[in-house]
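In: sequence plus the predicted model coming up.
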Amino acid sequence: MEESIIVFGQSYLLIFISSLLLAPEAVLFVTAAMTDQPPLAVLVIILVVSIGGSIGSAAIYFLSAMLGEKRLFKLVGKLERYYLLNSNDLIQIFGYFKRKGHWLVFFGRMAPTVRTIVSIPPGIIRMNFRVFLTYTFMGTLVWNLIIGYVFYYFWVHAEAISSLLGAYAAVSLGVIILLAVWLVGRNIARRLMNG
């Protein structure tokens with residue numbers, strides 16, 4: 001297991017491919033386990049993960065653009081009976097994105113629940129792709145810098161933490177960090193949705 005983590009952590013290509021498909025928290029958590037890396041190498045990994053995540057988001061943008069507004073409204077019409085979403089919700093969401101879409105994209109990248117779906121409305125309304133990609137990359141980078149260095153410093157000091165508090169406490173601390181990150185992300189998502 002440890003050898004596979006070392007191989008993964010040293011292969012920027014594997015990190016890049018993983019970042020296209022997986023949440024950045026998962027990729028950064030595994031690579032942060034490579035505690036012998038200097039902070040500058042962690043920055044390179046964060047950049048690679050941010051570029052991969054932005055390309056993955058661009059793919060969702062283009063798939064949404066190909067789906068188009070008419071097909072989306074047709075699909076939502078079929079789902080309305082399940083109370084998942086209705087046409088009025090979509091019209092309201094598209095209105096937000098036409099007014100403040102770049103900021104919604106930027107902050108949406110920092111909200112774990114919203115990160116993937118925040119690429120759909122810009123694709124549907126055909127937001128300027130350069131603007132979309134710029135704010136996607138900036139939001140992804142800011143989030144990954146925070147998460148990446150939190151994980152990195154947690155792993156660097158894991159031995160000291162473990163010896164002071166015991167293995168159980170170190171795991172509990174990791175869960176608390178993940179929970180705090182999730183709560184902050186959820187709070188950002190709620191604020192974005194409320195206005």
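Out: Nice, thanks for sending it over.

In: who are the packing partners of the helix or strand harbouring residue 144?
Out: Using DSSP states H and E, residue 144 maps to helix 129-156. If you count contacts as 3 or more CB pairs under 8 Å, 6 or more residues apart in numbering; DSSP states H and E, helix 129-156 packs onto helix 24-32, helix 39-79, helix 87-108, helix 167-194. C-beta here means a position set from N, CA and C on the backbone, and glycine is covered the same way.

In: taking helix 24-32 as reference, get the angle to that helix.
Out: Per axes from the mean of the first three to the mean of the last three CA atoms, to 10 degrees, the angle that helix 129-156 makes with helix 24-32 is 40 degrees.

In: return the set of buried residues in helix 129-156.
Out: Neighbour counts over helix 129-156 (16 or more other CB atoms under 10 Å) mark 132-133, 135-141, 143-145, 147-152, 154-156 as buried.

In: do the same with stretch 172-181
Out: Buried residues in stretch 172-181, counted by 16+ other CB under 10 Å: 174, 178, 181.

In: what does stretch 57-72 give?
Out: Within stretch 57-72, the residues that count as buried by 16+ other CB under 10 Å are 57, 58, 60, 61, 64, 65, 72.

In: run through this structure and note the low-pLDDT ranges.
Out: By pLDDT under 70, the low-scoring segments of the chain are 1-10, 33-37, 75-91, 157-158, 160-170, 195.

In: what about the residue nearest to residue 49 when sequence neighbours are not counted, how many residues nearby?
Out: In space, and not counting its chain neighbours, residue 49 is closest to residue 19: 4.3 Å by CB to CB, 6 or more residues apart in numbering. Under the neighbour criterion other CB atoms under 10 Å, residue 19 is assigned a count of 26.
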